[in-house]
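>>> Need a 3D model of the sequence below.
(chains A and B)
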Amino acid sequence: MKVIIPSALKQYAENQASVEVSGATVAEVLAGLTARYPDLRKHIFSDDGRVRAFVNIYVNQDDIRHLDKREGTPLQSSDVISIIPSIAGGSSRAFEGPR
Amino acid sequence: MSVPTLTPEELQRYARHIILSEVGLEGQQRLKAAKVLCVGAGGLGSPLSLYLAAAGVGTLGLVDFDVVDASNLHRQIIHFTSDVGSPKLESAEQKLRAINPNIAIRKFETRLTSANALEIIREFDIIADGTDNFPTRYLINDACVLSGKANVYGSIFKFEGQASVFATKEGPCYRCLYPEPPPAGLVPSCSEGGVLGVLPGLIGVVQATEVIKLILGMGEPLIGRLLLVDALTMRFREMRLRKDAACPVCGPKPTVTELIDYNAFCGMNENSGETLPMAVMPEMSVEELKRKMDAKEDIFVLDVREPNEYQICNLNAHLIPLGQLPARVGELDPDKHIVVHCRSGKRSAEAVEFLRKQGFENVQNLAGGILAWADKIDPKMAKY
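Numbering: from 1, shown residues only, chains lettered A, B, ... in the order given. Predicted structure coming up:
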């Protein structure tokens, strides 16, 4: 199924905006994705293997946190997985960011 | 609530609103009675405040403490070239008054903090978040929840934006969407990632639209919906948001019942045991580097910024962007004296730490980065 990679993380996925990854569940798709692009792993998962609190994973329009089986949610090939990290930009001081 | 009457000049000015049956005279009077606070007079705040002023929102509050910089002008359209160096609030007020002299403008030339946020917000009906950093976003969210005021949210990065309406009575808040901020440094900032200049225009106008809809009580506000805008594909997508039953601020059993230290909240994941404290970071000053370069000492200068940044200004150094350093570390000679720099010194500090872990012993961070070089060594160098 299609996984949409956000701007903030594209650089860790060979600049792809979306990739096709197969898997029966959300967890399998994310595992396949991070196996293909290992640099993505630390941006999506914390060290204990859980999806980070500032990254949300959606199956179509739904946040997996609100689906009964969460990462175990079964997928169909037509489903679209979106990774949506929090972003903070917008203001006058964008060029005085933390770096 | 008593609604203000409109003067003949205002009736003429707002005629195209008033003839909309959904707005009407009453709606326009409600706009005149409304008080909206825009936090940030930058990329999002520019279109947001310009449109709200034009629409006749009677009282506009602006919070910002910055001065206009040349690098703001490609997106912060309320500020003109002639405003560079002036306080943003002065610049913004001038444009807003020129667009609509009828409205009241309240300026807060300060950083929004836990100490002043509730006090400032109290005067307003709706808060629009046009800030650029996580601590202020969580602060605005919590202050809005605690004050019972809607938080019209917009955020941008590179080519993508997000918008939603948080902290209404029934709807979710920002913490329901993202319970925790990312650790500092993991998500690239705008200064590193850049932003397409028109993108804050798209998102700021969405925010202005939502503010006006909330005031008029019309349409379907972005409550419980996260709008995602991708300027590259020009696709607008929408995700469903739910109120989090375990939300620490808007849930049924809140643990956050007053404003907290948001810098600590957003920094608590920072330096999770992996980053060298700055005190032990081996550093070199720009003056020392200049001396060594002039004396033709055998120093290898490494630039870990992105190629686009290198094009703006550089020290003629070897370029390996930070993200590529692990894969390209073979280009470096561990026996050389290496000085690493970036824009401000933060990314290069990460690079120094990485190289030391790889066994490089003679590596130093250029303190203050190329910004310090421009300030102290070469005033003609472009700063960004």
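>>> centroid residue for chain B?
Per C-alpha atoms, centre = their mean, the C-alpha nearest to the average position across chain B is that of B:Asp132, at 1.3 Å.
>>> where does that residue fall, phi/psi-wise?
phi -130, psi 10 (degrees, to the nearest 10).
>>> distance of it from chain A?
4 Å (C-beta to the nearest C-beta, to the nearest Å). For every residue, glycine as well, the C-beta is placed using N, CA and C.
>>> For the stretch 101-250 of chain B, just list every one of the strands.
B:104-108, B:126-129, B:150-157, B:160-166, B:225-230, B:235-240 (DSSP state E, counting those that start in this stretch).
>>> Ok, chain A next?
Per DSSP state E, chain A carries strands over the ranges A:2-4, A:18-20, A:55-59, A:62-63, A:80-85.
>>> just to revisit the earlier point, could I get the strands of the stretch 101-250 of chain B as a markdown table with mean neighbour count, mean pLDDT and distance to B:Arg347?
As requested, the strands of the stretch 101-250 of chain B are exported to a markdown table (neighbours: other C-beta atoms under 10 Å in any protein chain shown; pLDDT from 0 to 100; distance: least, C-beta to C-beta, whole Å):
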| stretch | mean neighbour count | mean pLDDT | distance to B:Arg347 |
| --- | --- | --- | --- |
| strand B:104-108 | 15 | 98 | 33 |
| strand B:126-129 | 28 | 98 | 27 |
| strand B:150-157 | 28 | 96 | 17 |
| strand B:160-166 | 26 | 97 | 22 |
| strand B:225-230 | 19 | 97 | 26 |
| strand B:235-240 | 14 | 97 | 31 |
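>>> mind giving me TSV with those strands and columns for distance to chain A?
Formatted as TSV, the strands of the stretch 101-250 of chain B follow (distance: least, C-beta to the nearest C-beta, whole Å):
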stretch	distance to chain A
strand B:104-108	13
strand B:126-129	8
strand B:150-157	4
strand B:160-166	4
strand B:225-230	7
strand B:235-240	5
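>>> Arrange the ones you listed in a markdown table, one row each, with distance to B:Ala295 as further columns.
Putting these into a markdown table (distance: least, C-beta to C-beta, whole Å) gives the following:
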| stretch | distance to B:Ala295 |
| --- | --- |
| strand B:104-108 | 51 |
| strand B:126-129 | 51 |
| strand B:150-157 | 43 |
| strand B:160-166 | 47 |
| strand B:225-230 | 51 |
| strand B:235-240 | 56 |
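>>> out of these, which comes closest to B:Pro282?
For B:Pro282, the closest of the strands of the stretch 101-250 of chain B is strand B:150-157, at 32.3 Å, according to C-beta to C-beta.
>>> check contacts around residue 80.
You didn't pick a chain, so chain A it is. When contacts are counted by C-beta atoms under 8 Å, 6 or more residues apart in numbering or on different chains, A:Val80 touches A:1-4, A:59-60.
>>> think we crossed wires, I meant chain B
B:Phe80 touches B:73, B:91, B:95, counting by C-beta under 8 Å, 6+ apart.
>>> cool, and B:Ile120?
B:37, B:61, B:63, B:108, B:112.
>>> Distance check, it against B:Lys107.
11 Å (C-beta to C-beta, to the nearest Å).
>>> Ok, A:Arg65 next?
40 Å.
>>> again with B:Leu322
39 Å.
>>> What is the burial count for A:Leu33?
20 (other C-beta atoms under 10 Å in any protein chain shown).
>>> The spatially most central residue of chain A bridge partners, please.
When C-alpha atoms, centre = their mean is applied to chain A, the residue found nearest the centroid is A:Ile83 (2.9 Å). Counting by DSSP bridges, A:Ile83 forms beta bridges with A:Ile57.
>>> For it, report the pLDDT, please.
pLDDT for A:Ile83: 96.
>>> Might one say that it is in contact with A:Phe54?
No: the criterion here is C-beta atoms under 8 Å, and A:Ile83 misses it with A:Phe54 at 11.4 Å.
>>> Point out where chain A drops to low pLDDT.
Scanning chain A with the threshold set as pLDDT under 70 gives A:90-99.
>>> Just the helices from it, written as ranges.
A:7-10, A:26-36, A:38-44 (DSSP state H).
>>> closest one to chain B among these?
Of all those, it is helix A:7-10 that lies closest to chain B, at 4.0 Å by C-beta to the nearest C-beta.
>>> Contacts (any at all) between chain B and that closest one?
Yes: against chain B, helix A:7-10 shows contacts by C-beta under 8 Å from any C-beta of the partner chain at A:7-8.
>>> Please name the nearest non-neighbouring residue to B:Arg13.
Excluding the flanking residues, the one nearest B:Arg13 by C-beta to C-beta, 6 or more residues apart in numbering or on different chains is B:Gly56, at 7.2 Å.
>>> Same question for B:Asp64.
In space, B:Asp64 is closest to B:Ala41, 4.1 Å off (C-beta to C-beta, 6+ apart).
>>> Could you look up the SS state of the one you found?
At B:Ala41 the chain is in coil, as set by DSSP: H, G, I helix; E, B strand; the rest coil.
>>> Was I right to think it contacts B:Ser49?
Yes: assessed by C-beta under 8 Å, B:Ala41 is found in contact with B:Ser49 at 6.7 Å.
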